[in-house]
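> return a 3D structure for these sequence lines:
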Amino acid sequence: MTLPFAMTAPFRIAPLSVIEHATRLVFAQVVQQHPDLFDRLGEHADKRYAFVPTDLPVGFLVEPSARRISVHRKPHLPVAQACMGGKLVLLLALLEGQIDGDAVFFSRSLTITGDMEAMLALRNALDDCNIDLPADIARMSGPFAPLVRRAAAEIRTRALSREAATWN
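Numbers count the residues shown, from 1 in each chain. Here you go, the predicted structure:
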């Protein structure tokens, strides 16, 4: 699924600092809810991981040992030891363990370059954490948490149902 323009427009027109601030808030919430996520990386915790959505003009760099994420406009992405590229919906589904990473990789919907062992360690760590982005984002929403959770879960369900047919 290609995301609707209304969902990708902020990534195209908003200042990078605004995008990065929002991204860091969500990232911090995920790390807070899953504190052992990066501990499972072992020797790969000091590596830098890039995630490059093919349908957005930005990429994300995760540095597990520093518990840090940064956002960069394409093509000015920093060097990373391991890089994963694909549609944003696909990358988020992998983050949550909603889809089979092997099936997506072999369907060529996903590209991985660099240190495959590091990326596999990250995938295994993510699989063990049972991340639920709608729930994690909702926790940041105060009295609007139930509404945010339902809306985010509905977006996820619709996006995944449209994509599933192309992965198998």
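> okay, helices next: where are they in the protein?
In the chain, the segments counted as helices under DSSP state H are 5-13, 16-33, 88-96, 101-106, 116-129, 133-138, 145-167.
> and the residue lying farthest from the centre of the chain, how far is that from Gln33?
When distances are taken from the C-alpha mean of the chain, Pro143 lies farthest, 25.5 Å away, according to C-alpha atoms, centre = their mean. With the distance defined as C-beta to C-beta, to the nearest Å, Pro143 ends up 19 Å from Gln33. Where C-beta positions appear, they are placed from N, C-alpha and C, glycine not excepted.
> lowest confidence element among the helices and strands of the protein?
helix 101-106 (a mean of 73; mean pLDDT, DSSP states H and E).
> which other helices and strands does that one contact?
Here helix 101-106 is seen to pack against helix 88-96 when contacts are counted using 3 or more C-beta pairs under 8 Å, 6 or more residues apart in numbering; DSSP states H and E.
> roughly how far is the helix it packs on from the heart of the chain?
Here helix 88-96 shows a centroid-to-chain-centroid distance of 6 Å under the convention C-alpha atoms, centre = their mean, to the nearest Å.
> other residues contacting it?
Contacts of helix 88-96 with the rest of the structure, by C-beta atoms under 8 Å, 6 or more residues apart in numbering, involve 1, 3, 51, 53, 55-56, 84, 99, 101, 104, 109-110, 123, 126, 131-133, 156, 159-160, 163.
> repeat for stretch 103-119
By C-beta under 8 Å, 6+ apart, the surrounding residues in contact with stretch 103-119 are 41, 44, 47, 49, 80-87, 90, 94, 101, 166-168.
> just to revisit the earlier point, using PDB, list the CA coordinates for the least confident helix or strand of the chain.
Taking Å, rounded to 0.1, in the frame of the first residue of the first chain, the C-alpha atoms of helix 101-106 are listed here in PDB:
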ATOM      1  CA  GLY A 101      10.000 -11.000   7.600                       C
ATOM      2  CA  ASP A 102      11.300 -13.900   5.600                       C
ATOM      3  CA  ALA A 103       8.300 -13.900   3.300                       C
ATOM      4  CA  VAL A 104       8.600 -10.100   2.800                       C
ATOM      5  CA  PHE A 105      12.300 -10.400   2.100                       C
ATOM      6  CA  PHE A 106      11.900 -13.200  -0.400                       C
END
